[in-house]
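S.K.: test case, fold it:
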Amino acid sequence: MADQLHSRPPVDPQCQTVLDAAASGGSAFQKPTPQAMRAGYASMMETFAQATPELARVEDLVVPASGSDPEVPIRVYHPPGIGAAAPGVIFMHGGGWVIGDLESHDAVCRTLAFRSDAVIVSVGYRLAPEHPFPAAPVDCERATRFIADNAADFGIDPDRLALAGDSAGGNLAAVTARRLRDAGDGPAIVLQVLTYPATQFTAEGGSLEENGTGYLLTKATMDLFRGMYMPDEADWTHPDASPLLAEDLSGLPPAFVQVAGYDPLRDEGVAYAGRLREAGVPVQLVEYPTMIHGFLRMGRVVSIAQVGMDDIAAALRRAFRG
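M.R.: Coordinates of the predicted model:
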């Protein structure tokens, strides 16, 4: 797909089937409590997630507790046929910082491991509202450092590490990359994969209005998630919440950014890619103009999800080759 934005074609018919199913059965995002939303989201993933390839092994481990920070569950995916020091991808799942977990993105991680020939480590960071901002970025940075510091135990080459995430996870991947840069003592990251990332909690207009209703993820749901994740409005402009608002984006890892044409978050992803480029960061921006938010997790029913997965795998392989 071309590295540019196109005119607006109709929504993909396969995505429309997903939208129709959500309209008739009730979207997980419209449930009355976080617990109900999580259950509905898990059920939706079971329905739409693609079949997964056979891997060498999958392990459930933890990042140890440290001080007041609790253990962080992680899941490690080892593809077949790799050596003892394979490239590694630290993956942060989406779900509005409120829903989603290691299970909801299991199919995505299995597929990425197989197609990229990399060890994928998925991070089960703490969720709001039980654990509001900044628990999630703290967990993601801690997990990244732990994995890099113990790379040999994971079968990972510490010089070939990438960060990746979708939606809220794309936000956390971007935030983690910048926190590591600012600290100056973290592992080198060769690529940040940001799939329809949230990058500005104070954004208005544009795709938020154009796609704010009728396309699964709604502006109302985003406002609900924002309130649970960051009950203090003063946090909305913090760069660990809104990476687009960080003063300096220079020196960050190269980025592969994916946006969907019918996504309320589309403009935020485009804007972040633009700011990275202005700061001298190499960026590839790819739009999937007929897709809705979350399409990458719908590989069982949405064919272009496979294209999106292949695009990520190809970007990772290029970055790992140097």
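
S.K.: report the contact partners of A203.
M.R.: L244, D267, E268 (Cβ atoms under 8 Å, 6 or more residues apart in numbering). (C-beta placed from N, C-alpha, C; glycine too.)

S.K.: if I look at the second one, how far off is C140?
M.R.: To C140, D267 is 24 Å away according to Cβ to Cβ, to the nearest Å.

S.K.: the more surrounded of these two?
M.R.: Between D267 and C140, counted using other Cβ atoms under 10 Å, C140 has the larger neighbour count: 25 against 21.

S.K.: OK, contacts around that one?
M.R.: The contact partners of C140, by Cβ under 8 Å, 6+ apart, come to I90, M92, V123, Y125, L172, A173, V175, T176.

S.K.: any figure for the gap between the closest residue in space to the fourth one that isn't next to it in sequence and D310?
M.R.: Among residues not flanking Y125 along the chain, D139 sits closest, at 3.8 Å (Cβ to Cβ, 6 or more residues apart in numbering). With the distance defined as Cβ to Cβ, D139 ends up 29 Å from D310.

S.K.: same check, this time on V193
M.R.: 13 Å.

S.K.: D69: what's it in contact with?
M.R.: Listed by Cβ under 8 Å, 6+ apart, the contact set of D69 reads V138, D139, R142.

S.K.: I figured the second one was touching E71, is that so?
M.R.: No - assessed by Cβ atoms under 8 Å, D139 is found out of contact with E71, at 9.7 Å.

S.K.: neighbour count for the two, which is higher?
M.R.: Set side by side, D139 and E71 show more neighbours around D139, with 26 against 13, by other Cβ under 10 Å.

S.K.: and the stretch of helix or strand that one belongs to, which residues are buried?
M.R.: D139 belongs to helix 135-149 when assigned by DSSP states H and E. Within helix 135-149, the residues scored as buried using 16 or more other Cβ atoms under 10 Å are 135-148.

S.K.: same check on stretch 101-112?
M.R.: D101, L102, E103, S104, H105, D106, A107, V108, C109, R110, T111, L112.

S.K.: from the rest of the structure, what touches that stretch?
M.R.: 38, 41-42, 45, 49-53, 55, 58, 60, 73-75, 77, 89, 91, 93-95, 118, 120, 122, 124, 127, 164, 166, 169, 296-297, 299, 309, 312-313, 316.

S.K.: ranges for the strands of the chain?
M.R.: 57-63, 72-78, 86-92, 119-123, 156-166, 191-195, 255-262, 283-292 (DSSP state E).

S.K.: higher neighbour count, V193 and D310?
M.R.: Neighbour totals were compared for V193 and D310, and V193 leads with 28 against 13 (other Cβ under 10 Å).

S.K.: what about the helices in the stretch 1-150 of the chain?
M.R.: Secondary structure of the stretch 1-150 of the chain (DSSP state H, counting those that start in this stretch): helices located at 13-25, 34-48, 106-116, 135-149.

S.K.: in the stretch 1-150 of the chain, where is pLDDT below threshold?
M.R.: 1-7, 26-27 (pLDDT under 70).

S.K.: run the last query once more with 90
M.R.: Residue ranges of the stretch 1-150 of the chain with pLDDT under 90: 1-8, 21-33, 40-51, 83-84.
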